[in-house]
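K.L.:
what follows is a predicted structure for the sequence shown.
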Amino acid sequence: QLVESGGGLVQAGDSLRLSCAASGRTFHLYTMGWFRQSPGTEREFVAAVTWNGGITYYADSVTGRFTISRDNALHTANLQMNDLQPEDTAVYYCGAARLIDDSITSAQAGSYDYWGQGTQVTISS
């Protein structure tokens, strides 16, 4: 089970930190990813951190602004989002994918085995 938190309404240029809490004893075997979805669009890759070595991948649109991290002891994956812009407005979802670690597979929503319920992020201009 994955549970996201940390969304909200902020102004352009502000920061937010999303957290994803995972249950179970095999968290360390899962690559953790963040995706986002706006109404009428497909779920879009944002960032991922792999299960082995914590390699990180980012969408071009968030590189340099967002940072993904994981804490295997606490079973959490976090997304620090800085310099938020109105186009970042979406529902953000946390996903878990077992034993994948390449950039292409990590960026595909279909690779993920589990999803959270999502948290709304709204950026006002």
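P.N.:
Nice, thanks for sending it over.
K.L.:
so what secondary structure elements neighbour the helix or strand encompassing residue 70?
P.N.:
Using DSSP states H and E, residue 70 sits within strand 66-71. When contacts are defined as 3 or more Cβ pairs under 8 Å, 6 or more residues apart in numbering; DSSP states H and E, strand 66-71 sits against strand 30-37, strand 44-49, strand 56-58, strand 76-81. C-beta here means a position set from N, CA and C on the backbone, and glycine is covered the same way.
K.L.:
contact partners of that strand?
P.N.:
With contact meaning Cβ atoms under 8 Å, 6 or more residues apart in numbering, strand 66-71 is reached by 32, 34, 46-49, 54, 56, 58, 76-82.
K.L.:
adjacent strands (with direction) for it?
P.N.:
Paired strands of strand 66-71, with direction, are strand 76-81 (antiparallel) (DSSP bridges).
K.L.:
would you mark the buried spots in the strand it pairs with?
P.N.:
For strand 76-81, burial by neighbour count (16 or more other Cβ atoms under 10 Å) applies to 76, 77, 78, 79, 81.
K.L.:
now the angle from that strand to strand 44-49?
P.N.:
Taking axes from the mean of the first three to the mean of the last three Cα atoms, to 10 degrees, one finds that strand 76-81 is oriented at 120 degrees with respect to strand 44-49.
K.L.:
give me the buried stretch members for the helix or strand following strand 76-81, please.
P.N.:
Downstream of strand 76-81, the next assigned helix or strand under DSSP H and E is strand 90-98. Within strand 90-98, the residues that count as buried by 16+ other Cβ under 10 Å are 90, 91, 92, 93, 94, 95, 96, 97.
K.L.:
report all helices and strands that strand 90-98 contacts.
P.N.:
Under the contact definition 3+ Cβ pairs under 8 Å, 6+ apart, strand 90-98 sits against strand 2-5, strand 16-22, strand 30-37, strand 114-115, strand 119-124.
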